[in-house]
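A.B. asks: when you get a sec, could you give me coordinates for this:
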Amino acid sequence: MNLELFSLAEESPLYFEQRAAAQGYRAVAGVDEAGRGPLAGPVVAAAVILPAVFELPGLTDSKQLTAAARERLFPCICRQAVAWGVGLADAATVDRINILQATLQAMLRAVNRLAVPADFLLIDGITPLPGTVAQQTLKRGDSRSLSVAAASVLAKVVRDRYMLIMENRFPGYGFAGHKGYGSAAHREAIARLGPCPLHRRTFRGVREYL
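C.D. replies: Residues are numbered from 1 along each chain as shown. Presented below is the predicted three-dimensional model:
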């Protein structure tokens, strides 16, 4: 179900959550991902059900926040959320089933890990999740829905922390800095060292060096 019928002028940061609640839904989860574009690392998704009342000053799309702001919000979201879940799909999965299907898989895993089952999903993007849970896709959802924004923060922080760990496991690529994205330094490292197991071998910028 896709209800993209409202102008931005009609929206508040909780517009879609409140509308779902008015329709009788009681556990509305925002769902978002981080890491669709990088040359290396997993795609990570998160799902967050926010309570009716919460204090998360500064919460917005994770891409508009500094790393320090995301780290500050992360424990606050986890503490105040009714429920939250994180799922990922690794680089091998991305190569096997493509990035879109891997993203949907990670999102489903995040939703399935909610301690309180969601009865309505607000999904960033244009592709609905398979399954029977009522849902709405939202273009730029991470800047239009606080639940989706909260999910974007969790997904981004988890993925960044993972890539920091991978810096030590696969030295020389600079994962701590670019987090797997296709920076000039990262591309030079791939050309010099060849791809490591963390790289997405079907992506341009990696497959040429196999």
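
A.B. asks: for the rest of this, base every contact and every neighbour count on C-alpha atoms.
C.D. replies: Noted.

A.B. asks: helices of the protein, residue ranges please.
C.D. replies: 15-22, 67-80, 91-97, 99-112, 146-169, 175-178, 184-193 (DSSP state H).

A.B. asks: quick one: these as JSON lines, columns for mean neighbour count, mean pLDDT and distance to Val53 too.
C.D. replies: Formatted as JSON lines, the helices of the chain follow (neighbours: other C-alpha atoms under 10 Å; pLDDT from 0 to 100; distance: least, C-alpha to C-alpha, whole Å):
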{"stretch": "helix 15-22", "mean neighbour count": "17", "mean pLDDT": "96", "distance to Val53": "12"}
{"stretch": "helix 67-80", "mean neighbour count": "16", "mean pLDDT": "98", "distance to Val53": "9"}
{"stretch": "helix 91-97", "mean neighbour count": "17", "mean pLDDT": "98", "distance to Val53": "37"}
{"stretch": "helix 99-112", "mean neighbour count": "22", "mean pLDDT": "98", "distance to Val53": "22"}
{"stretch": "helix 146-169", "mean neighbour count": "23", "mean pLDDT": "98", "distance to Val53": "12"}
{"stretch": "helix 175-178", "mean neighbour count": "18", "mean pLDDT": "98", "distance to Val53": "36"}
{"stretch": "helix 184-193", "mean neighbour count": "15", "mean pLDDT": "98", "distance to Val53": "43"}
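
A.B. asks: out of those, nearest to Leu129?
C.D. replies: In terms of C-alpha to C-alpha, the element of the helices of the chain nearest to Leu129 is helix 99-112, at 6.3 Å.

A.B. asks: mind giving me the packing neighbours of the closest one?
C.D. replies: strand 28-34, strand 43-49, strand 83-89, helix 91-97 (3 or more C-alpha pairs under 8 Å, 6 or more residues apart in numbering; DSSP states H and E).

A.B. asks: and of these, who's closest to Tyr173?
C.D. replies: helix 91-97 (15.8 Å).

A.B. asks: for the closest one, C-alpha coordinates in CSV please.
C.D. replies: What follows is helix 91-97, C-alpha atoms only, in CSV (Å, rounded to 0.1, in the frame of the first residue of the first chain):
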residue,chain,number,x,y,z
ALA,A,91,29.0,-7.9,0.5
ALA,A,92,28.7,-11.5,-0.7
THR,A,93,24.9,-11.3,-0.5
VAL,A,94,24.9,-8.0,-2.4
ASP,A,95,26.9,-9.7,-5.2
ARG,A,96,24.6,-12.8,-5.2
ILE,A,97,21.2,-11.1,-5.2
